[in-house]
Structures are given as structure tokens and as C-alpha cells.
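Asker: the following comprises the amino acid sequence and a computationally predicted model.
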Amino acid sequence: MLPRRRRTGRRPPAGLLLALVALSVPVALAACSEAAPNGSGGAPADARSGVTGVVVLWPTCPVAGAPESRDCSRPAEATVRVRDRSSDTEVAAVRTGPDGRFRVPLRAGAYEVRARTAGTAHCAPVEVTVRPGTYAEITIRCDTGLRSPRNGGPRPAPLRPAALRVPWAG
């Protein structure tokens, strides 16, 4: 059996305990907030560069005339994925807000940014080069399919003749 230590009745000063807690909380919070976007090392701890932007559905208004001549887009909630073009690996994945905006801290380099929205067939990927100390601003357009071929939309597949059989009840 170990001998018991005698208590001397002395406690550490309350100010010392308070100072230790006050110093440890900001350090712990800073460590949590500076994590890489996808936990895969996409950004350094002091990231001052990256990609910021908005995901929009386009066009969202009637297509009489050219939709480019007026604002026919609206923000879209989406999942945004960033791939490093040099290594072809995903370095970040984030969700946009309801306003379609996103911000991803990244090291300087060349990236491809893709978005995926619920119910949208195709969002055009955007290639972007991030320079040190700056955020590149991009817009990702997700095609709603409302355009006609005359206005730059996709051409429909040609129709094939159908065989029609009518039973004779006579």
C-alpha cells in the first residue's frame, strides 16, 4: 500500500487556473476551425487563398427571346466538389447555403470545380487557377433544360416511327 500524501491545505491560485482555461479555449477553437475542407489537406492552416463563388440554375424564366438578355438565373443549393488538376484527386467538398454561395480555402494551384444540385441534369464544371493570397471568384451554371435549340439549348433526339397495332373487333 502506498503512503498517503498529506494535504497542506494549499490550493493553486484561482487566477492561475483561470489563465490556463482562458489560454486553452482559443487554441482548441483555432485548431478546429482551420481544418482542411474535406480533411484531405486541401488548404494550409493560414489559408488566404482559394475559390469563392455561387451556383445558379439557368435559365429559370420563359425562353421567348434570348435568355442571355435578362437575368434568368436563381441561386441553387448544391454540393460543390473541388479536384486538384495536377494530381486528379478531390481536395474539398462543401455545401452551398440557400443563397448558392460557397467558399473553399485552397493552396495555390489549378483546380476543377463541379456542383451537383437535386433534380438538375448538368452543372458545367469550371476550371480555375488559384493564385497565392487571393480567392478566385467563379459562377457555376446548372442547366435547367428550359432553352430551345434556337436559343442555344440542346437538340432533342430525333423521333422514330412507332408501330401501332389496333386490335380488330369486328
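Answerer: It's in.

Asker: only C-alpha atoms from now on, for both contacts and neighbour counts.
Answerer: Fine.

Asker: which stretches of this protein form helices?
Answerer: 14-33 (DSSP state H).

Asker: low-confidence bits of it, can you list those?
Answerer: The chain contains residues with pLDDT under 70 at 1-46, 62-70, 120-121, 147-164, 170.

Asker: strands of the protein, start to end?
Answerer: In the chain, the segments counted as strands under DSSP state E are 50-58, 74-75, 79-84, 89-95, 101-105, 109-116, 122-123, 126-130, 135-143.

Asker: put the alpha carbons of the fifth one into CSV.
Answerer: C-alpha atoms of strand 101-105 as CSV (Å, rounded to 0.1, in the frame of the first residue of the first chain):
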residue,chain,number,x,y,z
ARG,A,101,-22.7,30.8,-52.2
PHE,A,102,-19.6,28.8,-51.2
ARG,A,103,-16.1,29.5,-50.1
VAL,A,104,-13.2,26.9,-50.1
PRO,A,105,-9.7,27.7,-48.8
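
Asker: give me the angle between that strand and strand 135-143.
Answerer: Inter-element angle recorded for strand 101-105 and strand 135-143: 140 degrees (by axes from the mean of the first three to the mean of the last three Cα atoms, to 10 degrees).

Asker: please apply the same query to the third one.
Answerer: Taking the same axes, to 10 degrees, one finds strand 79-84 and strand 135-143 inclined to each other by 120 degrees.

Asker: ok, strand 79-84: who's next to it in the sheet?
Answerer: Using DSSP bridges, the strands paired with strand 79-84 are strand 89-95 (antiparallel), strand 109-116 (antiparallel).

Asker: hmm, residue 91 is touching residue 104, no?
Answerer: No. Shown here, residue 91 and residue 104 do not form a contact pair, counting by Cα atoms under 8 Å, at 9.9 Å.

Asker: residue 124 and residue 140: what is the separation?
Answerer: 6 Å (Cα to Cα, to the nearest Å).

Asker: try residue 115
Answerer: Using Cα to Cα, residue 115 is found at 7 Å from residue 140.

Asker: comparing those two, which residue is more hemmed in?
Answerer: Using other Cα atoms under 10 Å as the criterion, residue 115 and residue 140 rank with residue 115 on top: 26 against 23.

Asker: which one of residue 91 and residue 104 is surrounded by more residues?
Answerer: More neighbours surround residue 104 than the other of residue 91 and residue 104, with 25 against 21 (other Cα under 10 Å).
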